[in-house]
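**Q** sequence first, predicted coordinates after that:
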Amino acid sequence: MEKRVVFKHKFLPYLLVAPQIIITLVFFIWPASQALYQSFLQEDPFGLSSKFVALQNFKMIFTDEIYLRSIKVTLIFSFSVAAIAMCVALLLAAMADRAIKGATTYKTLIIWPYAVAPVVAAVLWYFLFNPTVGMVAFYLKTLGIHWNHTLNGTQAMILVIIAAAWREISYNFLFFLAGLQAIPKSFIEAAAIDGASPAKRFWTIVFPLLSPTAFFLIVMNIVYAFFETFGVIHAITEGGPNEATNIMVYKVYHDGFLSLDLGGSAAQSVILMIVVISLTVVQFRYIERRVHY
Amino acid sequence: MVEHRPWLTFMTHAVLILGVLIIAFPIYITFVASTHSLDEITTSFPLLPGSQLLENYKRALAVGPRDVGATVGTMMLNSLIMALGITFGKIAISLTAAYAVVYFRFRFRMLFFWLIFITLMLPVEVRILPTYKVAADLNIMDSYSGLIFPLIASATATFLFRQFFMTVPDELCEAVRIDGGGPIRFFFDILLPMSRTSIAALFVILFIYGWNQYLWPLLITNDESYYTLLIGIRRMLDVGEGQAEWHIIMASAMLAMIPPVLIVIFMQKQFVRGMTETEK
């Protein structure tokens, strides 16, 4: 699609795109190419010299057990966050779509946690589950469960999943509700006249019509869990205990800034870039719901 | 609703109310904790608001937490400057870039378009170390430019404006030309006023995005006077073996939530529009 009517000007268009392009080149393209370049280098610990080592860095991280574990942890974390956030959101959206009275009030009350930063969400849940001052941890103890996510890897994972999924419920709710409201009511009425129960109507009519939204949300939730949950991990567990919650994004930060392993960190960045690029491609190619540019 | 089923209606509301309560629970507890003294919080798990509200918030805003060398007031101001800088910066450069791409034919137009597009695929998280290096080389560590500029390139905003510009009727552009107006006049007199609703929707989304930035400020601020509030809150948790000042942390967390939450509640229409249109 192109405009028929355009302006002719020699330098104005360049001036107009210049700010965006300069920022993109300086802070996006250049650093990304540096990451790519560095991933083929090995630097000595003082940063004085570096030598070309081809795919050595990649070979190293893929034989590194800690990295392989980190991939596994990332997958468990991301899919759990996506599954929990989406299931809860779908249930609430289906209910809100049914409720005629108070639907908008419920909507307001459910969407606002999206505005809470992941790291603040993490602090809230960390407080509730804190082994010494946390209320939930205290009541769990009376039930016989000793909650200490600083020692127990599984509990740490559960806590970061809850903290990350909590605010994502709002996001999913918003899209599910919009998807539900776009389904023509006549379909549902027709099925009701044929005697289909509400549950049957939901699974045979509503749910299939909602699948493009669901598919889109799966991708978005995974992108969120992969990349935007850094604050959650950093505030609650710092990847611990014993690497149990060391997701890939956190590991890039940890290896690059705290362990100063530049080559390894760059190679991990490149792998993450490949992940984002594939997710973006999936999102654009297979998700028809998305606006076509 | 297509049929009358009182029991189901009752269930619907029950599930929704339960959902709302569960979602709001951590925030309610945060608020309650922010109104008690540290002793009360650590010994008795209060469920109702206490009497220390003013003291805690005053202490956080004016005196600041124990181990962080800046007051919450300063950090909030930094967060606000960063959020507004990112918001207006992104909107401004996206508007002009989209205008150039849609309304002009020039060499490398498609190349520029793809360059902008690529930024979609490179979140800060995947290129932290080299971007940090660039910031260090440009000497923008510990400065507002360092907090703002690396984050203002935005493919989504550019696409949103591009898409909107494509729907603007060509006749408007022709009319301006017949009246002897040029591209600048068309941009300010016609296009900008017409984009108002898109700009409002983007404002809400981008303000939340900017206010909630965490990783980038964490990397480039060492000087406490440039800490954003989120960085400050994280620092307050770093007490090693000591007792964290939970009453101050919780008051700060409330203060960190209030601006974006208020924007979502009061600009809900723009928020929903922004979410569904930018989808990012």
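**A** Thanks, I have the structure now.

**Q** pretty sure residue A:25 contacts residue B:115?
**A** Yes - counting by CB atoms under 8 Å, residue A:25 does reach residue B:115; the two are 7.4 Å apart. Heads up, the C-betas are built off the backbone N, CA and C, glycines and all.

**Q** so the two - more neighbours on which side?
**A** Taking neighbours as other CB atoms under 10 Å in any protein chain shown, residue A:25 and residue B:115 compare with residue B:115 leading, 19 against 13.

**Q** how close does the residue lying closest to that one once chain neighbours are set aside get to residue A:146?
**A** Using CB to CB, 6 or more residues apart in numbering or on different chains and skipping the chain neighbours, the partner closest in space to residue B:115 is residue A:24 (5.5 Å). Counting by CB to CB, to the nearest Å, the gap from residue A:24 to residue A:146 is 51 Å.

**Q** got it, and residue A:283?
**A** For residue A:283, the distance to residue A:146 - CB to CB - is 42 Å.

**Q** more crowded one of these two?
**A** residue A:283 (18 against 11).

**Q** does the more buried one really touch residue A:218, like I thought?
**A** No - using CB under 8 Å, residue A:283 is not in contact with residue A:218; the gap is 10.1 Å.

**Q** circling back to that earlier point, helices or strands up against the helix or strand containing the residue nearest to residue B:115?
**A** For residue A:24, the host element (DSSP states H and E) is helix A:12-24. In terms of contacts (3 or more CB pairs under 8 Å, 6 or more residues apart in numbering or on different chains; DSSP states H and E), helix A:12-24 is packed against helix B:72-103, helix B:109-118.

**Q** format those helices as JSON lines; extra columns: mean pLDDT.
**A** Shown next, in JSON lines, are those (pLDDT from 0 to 100):
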{"stretch": "helix B:72-103", "mean pLDDT": "92"}
{"stretch": "helix B:109-118", "mean pLDDT": "84"}
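
**Q** tell me which of those is the most buried.
**A** Sort these by mean neighbour count, taking mean count of other CB atoms under 10 Å in any protein chain shown, and helix B:72-103 sits at the top with a mean of 22.

**Q** would you mind measuring from residue A:197 to chain B?
**A** 9 Å (CB to the nearest CB, to the nearest Å).

**Q** so what's the residue count around the nearest residue to residue B:66 once chain neighbours are set aside?
**A** Closest residue to residue B:66 apart from its sequence neighbours, by CB to CB, 6+ apart: residue B:245 at 5.7 Å. Using other CB under 10 Å, residue B:245 is surrounded by 22 other residues.

**Q** and residue B:105, by the same measure?
**A** 12.

**Q** excluding its backbone neighbours, what's nearest it?
**A** residue A:6 (5.5 Å).

**Q** got phi/psi on the one you found?
**A** phi -130, psi 160 (degrees, to the nearest 10).

**Q** ok, residue A:195 to chain B distance?
**A** 10 Å.

**Q** enumerate every residue touching residue A:282.
**A** Residue A:282 sits next to residue A:219 when contact means CB atoms under 8 Å, 6 or more residues apart in numbering or on different chains.

**Q** that one should be in a helix, yeah?
**A** Yes - secondary structure of residue A:282 (DSSP: H, G, I helix; E, B strand; the rest coil): part of a helix.

**Q** before we move on, what's the pLDDT of it?
**A** Looking at residue A:282, its pLDDT is 79.

**Q** then residue A:103?
**A** 79.

**Q** count the neighbours of it for me.
**A** Residue A:103 - counted by other CB under 10 Å - has 15 other residues nearby.

**Q** so residue B:8 sits right up against residue A:198, yeah?
**A** Yes - contact criterion CB under 8 Å: residue B:8 and residue A:198 qualify, at 6.2 Å.

**Q** looking at those two, which has the bigger crowd around it?
**A** Using other CB under 10 Å as the criterion, residue B:8 and residue A:198 rank with residue A:198 on top: 20 against 15.

**Q** which residues touch the more buried one?
**A** By CB under 8 Å, 6+ apart, the neighbours of residue A:198 are B:5, B:8.

**Q** now residue B:35
**A** B:49-53, B:56.

**Q** wait, does stretch B:40-54 make contact with chain A?
**A** Yes - using CB under 8 Å from any CB of the partner chain, stretch B:40-54 reaches chain A at B:41-42, B:45.

**Q** give me the pLDDT for the spatially most central residue of chain B.
**A** Most central in chain B under CA atoms, centre = their mean is residue B:208, positioned 2.1 Å from the mean C-alpha point. Per-residue pLDDT puts residue B:208 at 92.

**Q** please render the residues of stretch B:40-54 next to chain A as a markdown table that adds secondary structure, neighbour count and pLDDT to the earlier fields.
**A** Shown next, in a markdown table, are the residues of stretch B:40-54 next to chain A (DSSP: H, G, I helix; E, B strand; the rest coil; neighbours: other CB atoms under 10 Å in any protein chain shown; pLDDT from 0 to 100):
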| residue | secondary structure | neighbour count | pLDDT |
| --- | --- | --- | --- |
| B:41 | helix | 24 | 80 |
| B:42 | helix | 17 | 79 |
| B:45 | coil | 18 | 79 |
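
**Q** show me which of these is closest to residue B:86.
**A** residue B:41 (34.3 Å; CB to CB).

**Q** quick one: low-confidence residue ranges for the stretch 1-150 of chain A.
**A** A:1, A:43-49 (pLDDT under 70).

**Q** which secondary structure state does residue B:3 sit in?
**A** coil.

**Q** what is the neighbour count of it?
**A** 10.

**Q** in contact with it, which residues?
**A** Residue B:3 touches residue A:192, counting by CB under 8 Å, 6+ apart.

**Q** top of the contacts of residue B:35 by neighbour count?
**A** residue B:56 (24 neighbours).

**Q** on that earlier part again, hang on, isn't the residue nearest to residue B:105 packed against residue B:106?
**A** No - using CB under 8 Å, residue A:6 is not in contact with residue B:106, being 9.7 Å away.

**Q** would you mind measuring from residue B:222 to chain A?
**A** Residue B:222 is 12 Å from chain A, by CB to the nearest CB.

**Q** the closest residue to that residue other than its chain neighbours and chain A, how far apart?
**A** Among residues not flanking residue B:222 along the chain, residue B:142 sits closest, at 6.0 Å (CB to CB, 6+ apart). Taking CB to the nearest CB as the measure, residue B:142 falls 16 Å from chain A.

**Q** that older thread, among the helices and strands packed on helix A:12-24, which comes closest to residue A:161?
**A** helix B:72-103 (27.1 Å).

**Q** can that closest one be found next to chain A?
**A** Yes - against chain A, helix B:72-103 shows contacts by CB under 8 Å from any CB at B:92-94, B:96-97, B:99-103.

**Q** nearest to residue A:2 among these?
**A** residue B:102 (8.8 Å).

**Q** show me what contacts the nearest residue to that closest one once chain neighbours are set aside?
**A** Among residues not flanking residue B:102 along the chain, residue B:165 sits closest, at 4.3 Å (CB to CB, 6+ apart). Contacts here follow CB under 8 Å, 6+ apart; on that basis residue B:165 touches B:98-99, B:102-103, B:191.

**Q** quick one: residue B:165 from residue A:152, how far?
**A** In terms of CB to CB, residue B:165 sits 54 Å off from residue A:152.

**Q** tell me the secondary structure for the closest residue to residue B:42 other than its chain neighbours?
**A** Ranked by CB to CB, 6+ apart and with sequence neighbours excluded, the top spatial neighbour of residue B:42 is residue A:133, at 4.8 Å. Recorded secondary structure, residue A:133: coil (three-state DSSP).

**Q** phi, psi of residue A:133?
**A** According to degrees, to the nearest 10, residue A:133 has phi -110, psi 0.

**Q** wait, isn't it in contact with residue A:127?
**A** Yes - counting by CB under 8 Å, residue A:127 is a contact partner of residue A:133 at 7.2 Å.

**Q** so what sits against both of those two?
**A** With CB under 8 Å, 6+ apart as the test, residue A:133 and residue A:127 both reach residue B:246.

**Q** neighbour count winner among those two?
**A** Neighbours per residue (other CB under 10 Å) separate residue A:133 from residue A:127, with residue A:127 holding more: 24 against 18.
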